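S.K.: kindly generate the corresponding structure for this input.
(one chain, ligands or ions: 1)
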Amino acid sequence: MSQLSVTKVHGSRNDILVVDGAPDDHFASGEVARAVLRLCDRRLGLGADGVYFLAVDGDGTARAWFFNPDGSASLLCGNGMRGAGRLLLDRYATEETVVHTGPYAFTVRDAGLSKHGVRQVAVELPPVDFTPAEPIVAGVGYPFVGRVFPAFDPSLAVTALAVPNSHLVTVIDTYSEDALVTTGRRVAGTSAVFPIGANVSFVLPLVPSADEVFIQTYERGAGLTPSCGSGVAASRAVLSRLGLVAPHQSVLVRNPGGVARSRLQDRDGRWQPILEGNATVVFRAELDPAVLLGEGPIQYVGETDFAEITAFDALFKENLEALSAAGVHPTV
Ligand SMILES: N[C@@H](CCC[C@H](N)C(=O)O)C(=O)O
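M.R.: As a prediction, this is how the structure comes out:
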């Protein structure tokens, strides 16, 4: 086995480890989940909310495989795609690249620097799907939009959609982190009703026009994270599906971990979300993949990018102040 090159990136403080190469370049198929668990371990490992394996192709595009910190696979991590895409843009010194996962293509574009000097990228997702082939809620008809569904919560209207990973989105008028955690755990623990699991997002409009919102997601396979990029895209689509915001309108999204923007563009009559936000490099490390299959602490040689971390701090603080002024006090 060759050394593992890992770059820790974050999108709105959703920490993702991007590993050079395909999973089977480094691990036997039965070993991948164990390696991911160990990499994401915040005490013994490198610490993250997920792992993207990224294999570059000769033509400047790449293939990617995402794993949650519990070792389960998903079709997308929106924030991780920001980071992985940014690494590709840098590697090829280009302004646009395409990353494939299974049958899906994600176009990543350079979006310059924020006023804080934080690197931004925009990810174009596949069109959203309100009638997913794999049911997110079992035994119901699709589209499943704005429905009060007791197995989810007896008092909240919920919408199911794939972007292409599975999401359940609720627009609320008062935010309660406890209620989100309870609902997220209920979904995770009720596989007879939610057979493939789902990321659960609560969306709180911060202005009457709903083009500035707070979103918090209880992620499948990860729990509460500072931000979920695919949750942002899914929530953005739900805001338009419920008629609250016009599709082309850019919505400012405040997550506990930072800010992003999202809008919907038309693709053959379907909505294609654009997710734009920071893609920050935290550190680069090299390690022996064999240590990931053992028990002890993980040794690695690494280099931290303090300039990028510091630039993001200013943006982060400004966002927390805005949330606090709006009466939202997230704990992650
Ligand atoms: N953090 C992510 C979502 C990661 C995958 C998700 N938990 C799932 O299982 O679908 C994001 O930024 O989208």
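S.K.: run through who's touching the helix or strand bottoming out on mean pLDDT in the chain.
M.R.: Least confident helix or strand of the chain, by mean pLDDT, DSSP states H and E, is strand 301-304 with a mean of 88. Contacting residues not belonging to strand 301-304 are listed as 282-287 [CB atoms under 8 Å, 6 or more residues apart in numbering]. For glycine as for every other residue, the C-beta is placed from the backbone atoms N, C-alpha and C.
S.K.: from those, list just the buried residues.
M.R.: Buried by 16 or more other CB atoms under 10 Å: 282-285, 287, out of the contacts of strand 301-304.
S.K.: ok, those vs the ligand, which is closest?
M.R.: Of all these, Val282 has the smallest distance to the ligand: 15.4 Å, by CB to the nearest ligand atom.
S.K.: which residues does the closest one contact?
M.R.: Val282 makes contact with 8-10, 15, 304-305, 308-309, according to CB under 8 Å, 6+ apart.
S.K.: same thing but at 6 Å, please
M.R.: Contacts of Val282 were listed using CB atoms under 6 Å, 6 or more residues apart in numbering, and they are Lys8.
S.K.: for it, give me the pLDDT.
M.R.: For Val282, the model assigns a pLDDT of 96.
S.K.: torsion angles phi and psi at it?
M.R.: Note on Val282: backbone dihedrals following degrees, to the nearest 10 are phi -100, psi -50.
S.K.: same thing with Arg186?
M.R.: Dihedral angles (degrees, to the nearest 10) for Arg186: phi -60, psi -40.
S.K.: what packs against the lengthiest helix in the chain?
M.R.: Of all the segments assigned as helix in the chain under DSSP state H, the longest by residue count is helix 306-325. Using 3 or more CB pairs under 6 Å, 6 or more residues apart in numbering; DSSP states H and E as the contact test, the elements touching helix 306-325 are strand 258-267, strand 280-287.
S.K.: can I get the ones you listed in JSON lines with distance to Val145?
M.R.: Compiled in JSON lines, those are given as follows (distance: least, CB to CB, whole Å):
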{"stretch": "strand 258-267", "distance to Val145": "15"}
{"stretch": "strand 280-287", "distance to Val145": "35"}
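S.K.: of all those strands, which lies closest to the ligand?
M.R.: strand 258-267 (9.7 Å).
S.K.: is any residue of the closest one near the ligand?
M.R.: No. Figure legend: strand 258-267 not in contact with the ligand (CB under 6 Å from any ligand atom); closest approach 9.7 Å.
S.K.: who does that strand touch, helix- and strand-wise?
M.R.: Packing partners of strand 258-267 (3+ CB pairs under 6 Å, 6+ apart): helix 229-241, strand 251-255, strand 270-278, helix 306-325.
S.K.: quick check: mean pLDDT of the first one?
M.R.: Summarised as a single mean, pLDDT over helix 229-241 is 98.
S.K.: do the same with the second one
M.R.: In this model, strand 251-255 has a mean pLDDT of 98.
S.K.: cool, the last one as well?
M.R.: Confidence for helix 306-325, expressed as mean pLDDT, is 96.
S.K.: so what's the closest residue to Ala234 other than its chain neighbours bridging to?
M.R.: Using CB to CB, 6 or more residues apart in numbering and skipping the chain neighbours, the partner closest in space to Ala234 is His167 (3.7 Å). Counting by DSSP bridges, His167 is bridged to Leu161, Asn199.
S.K.: can I assume His167 is in contact with Val200?
M.R.: No. Using CB atoms under 6 Å as the test, His167 is too far from Val200 to be in contact (7.8 Å).
S.K.: quick one on the thing from earlier: among the buried ones among the contacts of strand 301-304, which pair sits farthest apart?
M.R.: Spanning the widest gap among these are Val282 and Leu287, at 15.4 Å by CB to CB.
S.K.: residue ranges of the helices in the stretch 101-250 of the chain, please?
M.R.: 177-189, 229-241 (DSSP state H, counting those that start in this stretch).
S.K.: among these, which is the most enclosed?
M.R.: helix 229-241 (a mean of 28; mean count of other CB atoms under 10 Å).
S.K.: what helix or strand is the residue nearest to Pro297 when sequence neighbours are not counted on?
M.R.: Nearest non-adjacent residue to Pro297, counting by CB to CB, 6+ apart: Leu44, 5.1 Å away. Take DSSP states H and E as the rule and Leu44 turns out to sit in neither a helix nor a strand.
S.K.: and Leu44, backbone torsions?
M.R.: Per degrees, to the nearest 10, the backbone of Leu44 is at phi -100, psi -20.
S.K.: give me the neighbour count for it.
M.R.: 13 (other CB atoms under 10 Å).
S.K.: any idea how far Pro195 is from it?
M.R.: 32 Å (CB to CB, to the nearest Å).
S.K.: check Phe202 too.
M.R.: 22 Å.
S.K.: neighbour count winner among the two?
M.R.: Phe202 (24 against 15).
S.K.: thought the more buried one was touching Leu180?
M.R.: Yes. Assessed by CB under 6 Å, Phe202 is found in contact with Leu180 at 5.0 Å.
S.K.: what residues are shared contacts of the two?
M.R.: In contact with both Phe202 and Leu180: Gln216, using CB under 6 Å, 6+ apart.
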